[in-house]
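# this is a predicted model, with the sequence first.
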Amino acid sequence: MIIDDKHEIAFVHIPKCAGTTVREYLKEYDRSQGFFSDRVDMHEKLGMLDFVHIPLYILKEHFPTELELIHRYWSFAVMRDPYKRFASSVTQRLRMYGEKPIEALSEREIRSEVENCIALLEKYEDPQVLLPHDYIHFQRQIDYIYLGDELLIDNIYSSEMVGDLVDILKERLGCSLDAVGESTESETRLNSTVVYRSDVVRFFMGFSKPMFRIFFSWLPQGAREAVKRGVYVDRDQKVGGVFASKNVVDFIGRYYREDILLYERVKCGCQDARQLGSAV
């Protein structure tokens, strides 16, 4: 979350929804100087808390000043396809809290991690329940948009609309945002998660990665790209079947039902709260 007093803008950061890109554009205007944009820390009442991704009902109870500013300023959030977001959330959890990142896991291990995530989330079926900090990237998107039945955010964009959002931010900030194109391209690359092409490659890299990095650093750029294509493959190409399996798809459809309904409306062109109304 970033609140900009100078331009009266409030950005509510939904996990795994291109928020890192948007945050880069606004961080120099952040009234909290990073308090809500780059930390996981202990909260005296909530325990370990991801301060980057705080749902609105938690803001209401524990950070009322920030919630009031979200009410008062022009507020916006970015949503993402819930099915794609779930796969990205699993990847992020492994990157931040797993013993090994997703590229170091076999398909069987990834499937097991997905099953473990679903089992944990099924214990938090009730609406407006804060997930543990190490599962915050699975928090329902509507928790950052609705406060009870009230749609609190002024404008909602899909992740496919980030380019349009950039133009709006340029106008509101009154600056060129020259770094925007580079940031957007960078995040697109980051969001294209890669894994090792095969278990044989994964096994080899497990004990030779330090040497590989040295070798890789000596190569010209063109050769580097060729080597990367031989070692890595897009996550969805390699293990997309894990996330497309019936039990995973059914779970996402059930657990994130309201996210799916709202995302479809936003994707079809309803960004303004006045168009969306007060209920999903």
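Now that the structure is in, tell me what you want to look at. Everything numeric in this text was worked out from a predicted model, so none of it was measured. Residues are numbered from 1 along each chain as shown.

# phi first, then psi, for residue 75.
phi -110, psi 150 (degrees, to the nearest 10).

# ditto for residue 50
Per-residue torsions, residue 50: phi -80, psi 100 (degrees, to the nearest 10).

# what's the neighbour count on the nearest residue to it once chain neighbours are set aside?
Closest residue to residue 50 apart from its sequence neighbours, by C-beta to C-beta, 6 or more residues apart in numbering: residue 136 at 4.3 Å. (Glycine included, C-beta is placed from N, CA and C.) Neighbour count of residue 136, defined by other C-beta atoms under 10 Å: 23.

# also residue 124?
Residue 124, neighbours per other C-beta under 10 Å, totals 16.

# residues touching it, list them.
residue 131 (C-beta atoms under 8 Å, 6 or more residues apart in numbering).

# quick one: pLDDT of the residue nearest to residue 50?
On pLDDT, residue 136 comes in at 97.

# tell me which residues touch it, please.
15, 50, 53.

# what's the strand or helix carrying residue 69 packed up against?
With elements taken from DSSP states H and E, the one containing residue 69 is helix 64-72. Helix 64-72 sits against strand 2-4, helix 56-62, with contacts defined as 3 or more C-beta pairs under 8 Å, 6 or more residues apart in numbering; DSSP states H and E.

# before we move on, back to that, any idea how far residue 111 is from the residue nearest to residue 50?
Applying C-beta to C-beta, to the nearest Å, the value for residue 136 to residue 111 is 22 Å.

# show me the strands in this structure, by range?
All strands of the chain, identified by DSSP state E, fall at 2-4, 9-11, 40-43, 47-50, 74-79, 146-147, 150-151, 155-158, 194-196, 232-234.

# which of the ones you listed has the lowest average pLDDT?
Mean pLDDT, when computed for each of the strands of the chain, is lowest for strand 194-196, at a mean of 58.

# chain neighbours aside, what residue packs nearest to residue 145?
residue 153 (5.0 Å).

# OK, contacts around that neighbour?
So residue 153 contacts 12, 70, 75-77, 144-145, 273 (C-beta under 8 Å, 6+ apart).

# which pair of these spans the longest distance?
Distance extremes for the contacts of residue 153: the farthest pair is 144 and 273 at 13.5 Å, using C-beta to C-beta.

# who has more neighbours, those two?
residue 144 (27 against 17).

# and the closest residue to that one other than its chain neighbours, how far from residue 25?
If the residues on either side of it in the chain are set aside, residue 144 comes closest to residue 14, at 4.6 Å by C-beta to C-beta, 6+ apart. Distance of residue 14 to residue 25, computed by C-beta to C-beta: 16 Å.

# of those two, give the one with the bigger neighbour count.
Applying other C-beta under 10 Å to residue 14 and residue 25 shows that residue 14 carries more neighbours, namely 27 against 21.

# for the more buried one, report the pLDDT, please.
97.

# now it, what are its backbone angles?
phi -80, psi 130.

# show me the contacts for it.
Contacts of residue 14 (C-beta under 8 Å, 6+ apart): 53, 77-80, 141, 144-145.

# quick one: it from residue 82, how far?
Taken as C-beta to C-beta, the span from residue 14 to residue 82 is 11 Å.

# overlap in contacts, those two.
residue 141.

# excluding covalently adjacent residues, which one is nearest to residue 69?
Going by C-beta to C-beta, 6+ apart, residue 69 has residue 3 as its nearest residue, at 5.2 Å.

# isn't the one you found up against residue 10?
Yes - between residue 3 and residue 10 there is a contact under C-beta atoms under 8 Å: 4.9 Å.

# shared neighbours of the two, which are they?
69-70, 73.

# follow-up on the earlier one: how close does the residue nearest to residue 144 sit to residue 141?
Residue 14 sits 5 Å away from residue 141, going by C-beta to C-beta.

# report the set of residues contacting both of the two.
79-80.

# can you pick the most crowded of the shared contacts of residue 3 and residue 10?
The most crowded member of those, judged by other C-beta under 10 Å, is residue 70 (24 neighbours).

# and for residue 106, the neighbour number?
Neighbour tally, residue 106, other C-beta under 10 Å: 15.

# please report phi then psi for it.
Torsion angles, degrees, to the nearest 10, at residue 106: phi -80, psi 170.

# how about residue 126?
Per degrees, to the nearest 10, the backbone of residue 126 is at phi -60, psi 150.
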